[in-house]
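S.K.: Starting from these lines, generate the structure:
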Amino acid sequence: MHTIYIISIILISIGITLFLLSFIFEYTRKQNLKKRAIDEYAIIIPARNESKVIKNLLDSIKLQNPNMNNVYVIVEDKKDETVKIVKEYGGNIYVRKNIENRRRKGYALDECLKNILKKKHYDLYFIMDADNILGKNFINEMLKTYKKGYDIATRYRNIKNSSNIISSCSGLTFSFMNTLFNEYNNHMHKSMIISGTGFYISGELVEKLNGYPFHSLTEDYELTLYSTLNNLTTTYNEKAIFYDEQPDSFKVSMKQRTRWVKGYFEARKIYIKEIRRSLDYKDKNYGSKISTVIGVQPLIYLLIGVLLLIVSSLTINDITAFIKTLVVVLLLIYLELAGITYIIIKSEKNKLNLNVSKTKLTLYNPLFLLSYILCLMISIF
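M.R.: Numbers count the residues shown, from 1 in each chain. Have a look, this model is predicted:
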């Protein structure tokens, strides 16, 4: 048990050290931007069998974009009920031609964009999901950002359906990402974390890539890694708000988050070696690359270290000491996560669309976050 205790302390120390390193190496130069004008933009929406929800999105788009001929909706079958609805709004339908073993969203976007590039040039492309709803002035806010010269911009992702505790906690995950990471990254001129939809990608970049060659389970995170590796200019516009539908059952949420965890490692397998090889202190994006290479390693080391610390307390003669250690460690972790949750809710009280008790959310969200450990175990085994 003494050996296990020493190993646990070493792992916890490594985790803390890596966490501190990600802050120490913050050297990231201010991004060089060139102001630009906008001629035309497009809105791309993958929407297989989404006839029940897409009307709300199209309504929100039309309020800001009356001429809907720049809207492209991707379906897999021309008999899909979604087709009829989109045509009523004056949008374009793209029916996929190559579906076998290519069902992921990245493939759908890639195929559609390749088709558009053959016919037309757009200055930028918005990527949306069919169950999204645009907040007021979403498009204008993002266009302002594009004019400043950014290659990619992400936005404030709000909760569309916060009717129960699961959907609220699920949506709060993105508030964590907005407030704890992207706001901070913006301040430090570091690369943004692109998550889900509601972001734009410049037409110049799409043409350079000849489409959207990001096909992993988490094609958004893959784009994040690509932008970090290639020093693309990225930003976060908190004034551009859109609403995203969240799973309202724990089973569905677990399935979704397990896919994200698997996609995280899948995308890193593609890019992390190249990012590591590209590390250079003179690189203007050095801080972003260091943070990306470190990734979630501190959390993994800390988690394993804490678990081993608990195990080391289990002795044949003193089960009471083990139980006390276990309770204290779990309580400290819970209280820390509850504190962070409270701070996020408090700081974003004027933005978050919450229909559940804030006290209930503060108490339950730590358990929701800890269930990511289960997602990790499922994704590995």
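S.K.: Distance of the residue lying closest to residue 214 once chain neighbours are set aside relative to residue 216?
M.R.: Spatial nearest neighbour of residue 214, excluding adjacent residues (CB to CB, 6 or more residues apart in numbering): residue 222 at 4.2 Å. Every residue, glycine included, has its C-beta placed from N, CA and C. For residue 222, the distance to residue 216 (CB to CB, to the nearest Å) stands at 5 Å.
S.K.: Now do the shared contacts for the two.
M.R.: Residues touching both residue 222 and residue 216 (CB atoms under 8 Å, 6 or more residues apart in numbering) are 106, 267, 270.
S.K.: Any buried residues in the helix or strand where residue 147 lies, and which?
M.R.: Using DSSP states H and E, residue 147 sits in helix 138-148. Within helix 138-148, the residues that count as buried by 16 or more other CB atoms under 10 Å are 138-139, 141-143, 145-146.
S.K.: just stretch 98-109 next, same as before
M.R.: In stretch 98-109, counting by 16+ other CB under 10 Å, buried: 104-109.
S.K.: related to what we said a few turns ago, tabulate the buried residues of helix 138-148 in CSV, adding columns for pLDDT.
M.R.: Below are the buried residues of helix 138-148 laid out as CSV (pLDDT from 0 to 100):
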residue, pLDDT
138, 97
139, 97
141, 97
142, 98
143, 97
145, 97
146, 97
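S.K.: Could you list every helix and strand in contact with the strand or helix carrying the residue nearest to residue 214?
M.R.: Using DSSP H and E, residue 222 sits in helix 219-229. Other elements packing on helix 219-229 under the criterion 3 or more CB pairs under 8 Å, 6 or more residues apart in numbering; DSSP states H and E are helix 105-117, helix 250-277, helix 286-294.
S.K.: Extract the CA atoms of that helix and return them as PDB.
M.R.: Output in PDB follows, covering the C-alpha atoms of helix 219-229 (Å, rounded to 0.1, in the frame of the first residue of the first chain):
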ATOM      1  CA  GLU A 219     -15.300  17.300 -36.700                       C
ATOM      2  CA  ASP A 220     -15.600  20.600 -34.800                       C
ATOM      3  CA  TYR A 221     -12.700  19.700 -32.500                       C
ATOM      4  CA  GLU A 222     -10.800  18.400 -35.500                       C
ATOM      5  CA  LEU A 223     -11.200  21.900 -37.000                       C
ATOM      6  CA  THR A 224     -10.000  23.400 -33.700                       C
ATOM      7  CA  LEU A 225      -6.800  21.300 -33.900                       C
ATOM      8  CA  TYR A 226      -6.300  22.200 -37.600                       C
ATOM      9  CA  SER A 227      -6.700  25.900 -36.900                       C
ATOM     10  CA  THR A 228      -4.200  25.700 -34.000                       C
ATOM     11  CA  LEU A 229      -1.600  23.800 -36.100                       C
END
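S.K.: Okay, angle between that helix and helix 105-117 too, please.
M.R.: 70 degrees (axes from the mean of the first three to the mean of the last three CA atoms, to 10 degrees).
S.K.: Just name the closest of the buried residues of stretch 98-109 to residue 129, please.
M.R.: Minimum distance to residue 129 across the buried residues of stretch 98-109 is 8.5 Å, recorded for residue 105 (CB to CB).
S.K.: Hmm, the closest one is touching residue 47, no?
M.R.: No: the criterion here is CB atoms under 8 Å, and residue 105 misses it with residue 47 at 10.5 Å.
S.K.: Could you check how far the nearest residue to residue 243 once chain neighbours are set aside is from residue 250?
M.R.: Using CB to CB, 6+ apart and skipping residues adjacent in sequence, the residue nearest residue 243 is residue 160, 3.9 Å away. Computed as CB to CB, the residue 160 to residue 250 distance reads 18 Å.
S.K.: returning to that earlier point: how about the residue nearest to residue 214, what does it touch?
M.R.: 106, 214-216, 267, 270-271.
S.K.: now swap in residue 114 and tell me
M.R.: Applying CB under 8 Å, 6+ apart, we find residue 114 in contact with 210-211.
S.K.: can you check the one 3 residues further on too?
M.R.: Residue 117 is in contact with 206-207, 210-211, counting by CB under 8 Å, 6+ apart.
S.K.: Ranking by neighbours, what's the top pick from those residues?
M.R.: With neighbours taken as other CB atoms under 10 Å, the top of the contacts of residue 117 is residue 206, carrying 22 neighbours.
S.K.: and that one, what helix or strand is that in?
M.R.: Using DSSP H and E, residue 206 falls within helix 203-209.
S.K.: go on, residue 367?
M.R.: For residue 367, the host element (DSSP H and E) is helix 358-370.
S.K.: Residues contacting that helix, please?
M.R.: Contacts of helix 358-370 (CB under 8 Å, 6+ apart): 165-166, 168-170, 172-173, 333-334, 337-338, 341-342, 345, 354.
S.K.: partners of the biggest strand by length in the chain, with directions?
M.R.: Counting residues, the longest strand found in the chain (DSSP state E) is strand 234-244. In the sheet, strand 234-244 lines up against strand 133-134 (antiparallel), strand 152-159 (parallel) (DSSP bridges).
S.K.: Please enumerate the helices of the stretch 1-150 of the chain.
M.R.: Along the stretch 1-150 of the chain, the stretches classed as helices by DSSP state H, counting those that start in this stretch are 2-24, 54-64, 81-89, 105-117, 138-148.
S.K.: For the chain, give me the ranges with low pLDDT.
M.R.: 1, 24, 26-27, 314-318 (pLDDT under 70).
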